[in-house]
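> Build me a model from this:
(chains A and B)
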Amino acid sequence: MGALFRSLVLFAGFVFLYGPIAVLVVMSFNASRLVTVWGGFSTKWYASLLEDQATRHATLISLEAAALSSTLATLLGLCAAVALARFGAFRTRTLFFGAVHAPLALPEVVLGLALLSAFVSFGLERGFVTLVIGHATLTMCFATVGLLAALRSCDPAQEEAAMDLGATPLQAFVLVTLPSIAPALASAFLLSFALSLDDLVIASFTTGPGATTLPMRIYSQVRLGVSPQINAISSLLLAVVGVALALSALAMRRKRA
Amino acid sequence: MPRFSPGRRIVLTAPYLWILAFFLAPMALILKISLSHPVEARPPYEPLFSLAEGPALWLEKLQALSLETYRALIDDPLYLDSYLSSLWLAAISTLLTLLVAYPFALAMARAPRHLRPLLIGLAIAPFWTSFLIRVYAWIMLLKDEGLINHALMALHLIDAPLEIYATSTAVVIGMVYSYLPFMLLPLYAALERQDPALREAAADLGASPADIFWRITLPLSARGAVAGSLMVFIPAVGEFVIPDVLGGPQTLMIGRTLWSEFFTNRDWPMASAVAILLLALLILPLVVVERLRAEGEG
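Numbers count the residues shown, from 1 in each chain, chains lettered A, B, ... in the order given. Next comes the predicted model:
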């Protein structure tokens, strides 16, 4: 591939990926409600967000659910990954391995419906708690995959050496292995957090009245059509993710240097 | 089972119980709901329906429908049409995603080495941002009075707006856009790993650039293409958000049918049966994915 052609392909690819996002952000500052008319620069849609009680409440619910469920998912994922990487063969390992990975490929509507049926038959009332359980179930699979890869790449001999020197298995794990998989732990947590914050389908099935999430709120407004307010809240969310990504990229670079 | 110390037992039991309670049991439950014979089903499912809102209505529906659920599903062309059109739209989207992603991934893999991490990072960064928001952004571009139609009409390339929004075409565009990172990553990995010496050797022996592409680059990236295609196809078949936000009322996809069966018609057995058949549809690609992963796991 010639250098010029390669640059053209890259340019076209990135325009396709980022163009729609850029349009969204630009339109959130458009004073006009019409997409095709530029009514001048305005931050009034952001100001109107501040007065929107429902959106504010939904944002809080989403953040709380994401924080709780990603903590749970990271812990459960760590346990599952340790069991799969370090415990050797046990009788139902294949079932466990399959069940831990299956939700990755399962259509969200199916997982959502299954979770809801279970909550109703367990007698759990739908609300914030079931929302957190649902998100933790979905995201622990992603956490497990990342942590399993990290555990596989660190040498069990180091832990064994620590134990030879008198450390208990728990001490050896916490003092030797845990620090070396810390980046994987952080990325498992962040990925779980992002997935939970973004999820519409599982949340719609598992949550109850009073615990409407931000994506559910955005979705109900999207159904009514394009609105500058959605553009504003979307741009804010994009900005948060963008800053987080940039910071983590910088941190990685500093670590390498 | 080998003897595990108490500490190890806790480490294994916690995620195991969680998966058992919140994944395996729920999946078994919907299979049961979808298959149940009304007489057998009534006692075990009574609590299921009496605890939720509108118990009498659901019990009635359960009794009336569950025996017939799968037959009704086969008889009603809505479901068959939804399945077929999901497979069709997912297949087209996968093919188009591959066609868009291949040159993109190749250009990144052949870029100067020090630029590659930045390029691939930028290419998959949108994956971290909200899916719903990225799909929504396309409404502004595709609407009849949206930016694309506005631009094309201003350039006098078209006289009347292209009616893309609220059609299956919009759904395909949305899927290609949303799933592009899933395709890019495995393709890029496969292409970047190729040894440039192979291409140089072929060129030294007189192969044309086209020959080199068709006989070296493409075959060596086939595994990446297969992995990427499955990672696009599988979620695309069951997709709900994209057909619901960008599709029109006539855009049938099975994820959307399941959703309305549940949320609009409140028909649990039918929603469960649709879910089970959706899984049956995905078993084959899932087995292939599992194989690939098992190989990767070694």
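
> helices and strands of chain B: which one has the lowest mean pLDDT?
helix B:38-50 (a mean of 39; mean pLDDT, DSSP states H and E).

> Could you measure from the nearest residue to A:Leu72 once chain neighbours are set aside over to A:Phe142?
Setting aside the residues directly before and after it, A:Leu72 is nearest to A:Ala136 in space (CB to CB, 6 or more residues apart in numbering or on different chains), at 4.1 Å. For every residue, glycine as well, the C-beta is placed using N, CA and C. Going from A:Ala136 to A:Phe142 by CB to CB, to the nearest Å gives 11 Å.

> Can you name the residue of the stretch 101-250 of chain B nearest to chain A?
B:Gly238 (2.5 Å; CB to the nearest CB).

> OK, contacts around that residue?
A:106-110, B:86, B:254-255, B:278, B:282 (CB atoms under 8 Å, 6 or more residues apart in numbering or on different chains).

> hey, what's in contact with both of A:Ala136 and A:Phe142?
A:Ala73.

> Neighbour count for those two, which is higher?
A:Ala136 (25 against 21; other CB atoms under 10 Å in any protein chain shown).

> Surely the more buried one and A:Thr74 touch.
No - applying CB atoms under 8 Å, one finds A:Ala136 not in contact with A:Thr74, separated by 9.4 Å.

> Quick one: mean pLDDT over stretch A:162-176.
The average pLDDT for stretch A:162-176 rounds to 88.

> What ranges does chain A have for its helices?
Taking DSSP state H as the test, the helices found in chain A are A:3-27, A:44-50, A:53-86, A:93-105, A:108-122, A:128-152, A:156-164, A:169-172, A:178-180, A:182-198, A:201-206, A:214-222, A:228-256.

> Please see if the fifth one touches chain B.
Yes - where contact is defined by CB under 8 Å from any CB of the partner chain, part of helix A:108-122 touches chain B, namely A:108-111, A:113-115, A:117-118, A:120-121.

> can I get these in a markdown table with distance to B:Leu142, neighbour count and pLDDT?
Below are the residues of helix A:108-122 next to chain B laid out as a markdown table (distance: CB to CB, whole Å; neighbours: other CB atoms under 10 Å in any protein chain shown; pLDDT from 0 to 100):
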| residue | distance to B:Leu142 | neighbour count | pLDDT |
| --- | --- | --- | --- |
| A:Glu108 | 24 | 22 | 90 |
| A:Val109 | 24 | 28 | 92 |
| A:Val110 | 29 | 25 | 92 |
| A:Leu111 | 29 | 25 | 93 |
| A:Leu113 | 30 | 29 | 92 |
| A:Ala114 | 33 | 27 | 93 |
| A:Leu115 | 33 | 27 | 94 |
| A:Ser117 | 36 | 26 | 89 |
| A:Ala118 | 38 | 26 | 90 |
| A:Val120 | 38 | 21 | 86 |
| A:Ser121 | 42 | 20 | 84 |
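
> could the helices of chain A be laid out in JSON lines, adding distance to B:Leu141?
Formatted as JSON lines, those follow (distance: least, CB to CB, whole Å):
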{"stretch": "helix A:3-27", "distance to B:Leu141": "6"}
{"stretch": "helix A:44-50", "distance to B:Leu141": "19"}
{"stretch": "helix A:53-86", "distance to B:Leu141": "24"}
{"stretch": "helix A:93-105", "distance to B:Leu141": "30"}
{"stretch": "helix A:108-122", "distance to B:Leu141": "25"}
{"stretch": "helix A:128-152", "distance to B:Leu141": "30"}
{"stretch": "helix A:156-164", "distance to B:Leu141": "52"}
{"stretch": "helix A:169-172", "distance to B:Leu141": "55"}
{"stretch": "helix A:178-180", "distance to B:Leu141": "46"}
{"stretch": "helix A:182-198", "distance to B:Leu141": "21"}
{"stretch": "helix A:201-206", "distance to B:Leu141": "24"}
{"stretch": "helix A:214-222", "distance to B:Leu141": "14"}
{"stretch": "helix A:228-256", "distance to B:Leu141": "13"}
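
> Which one, of those helices, ends up nearest to B:Leu187?
Nearest to B:Leu187 among these is helix A:3-27; the distance by CB to CB comes to 12.1 Å.

> For that closest one, name the packing helices and strands.
helix A:228-256, helix B:77-109, helix B:116-124, helix B:131-142, helix B:168-192 (3 or more CB pairs under 8 Å, 6 or more residues apart in numbering or on different chains; DSSP states H and E).

> coming back round to it: what two of the contacts of B:Gly238 are the furthest from one another?
The span of those, defined through CB to CB, is set by A:Leu106 and B:Ser86 at 15.1 Å.

> Show me what from the stretch 51-200 of chain B comes close to chain A.
So far as CB under 8 Å from any CB goes, the stretch 51-200 of chain B lies against chain A at B:51-52, B:100, B:103-104, B:106-108, B:110-111, B:119, B:121-123, B:125-126, B:128-134, B:136-141, B:143, B:145-147, B:150, B:177, B:180.

> and B:Leu96, how far is that from B:Gly7?
B:Leu96 is 51 Å from B:Gly7, by CB to CB.

> typed the wrong thing, it's A:Asp198
From A:Asp198 to B:Gly7 the distance is 35 Å (CB to CB).

> Tell me which of these two has more neighbours.
Higher neighbour count among A:Asp198 and B:Gly7: A:Asp198, with 22 against 12, using other CB under 10 Å.

> which residues touch the residue nearest to the more buried one when sequence neighbours are not counted?
Setting aside the residues directly before and after it, A:Asp198 is nearest to B:Ser130 in space (CB to CB, 6+ apart), at 4.7 Å. B:Ser130 is in contact with A:197-198, A:215, A:234, A:237-238, A:241, counting by CB under 8 Å, 6+ apart.

> before we move on, the earlier item: and of the contacts of B:Gly238, the nearest to B:Ala190?
Nearest to B:Ala190 among the contacts of B:Gly238, counting by CB to CB, is B:Leu282 at 23.7 Å.

> what about that closest one, neighbour count?
Using other CB under 10 Å, B:Leu282 is surrounded by 20 other residues.

> Could I get the buried residue list for whichever strand or helix holds it?
Per DSSP states H and E: B:Leu282 is located in helix B:268-297. For helix B:268-297, a neighbour-count test (16 or more other CB atoms under 10 Å in any protein chain shown) marks B:268-279, B:281-282, B:285-286, B:289 as buried.

> Need the pLDDT of the residue sitting nearest the centre point of chain B.
Centroid-nearest residue in chain B: B:Pro235, 1.1 Å away (criterion: CA atoms, centre = their mean). Listed pLDDT for B:Pro235 reads 89.
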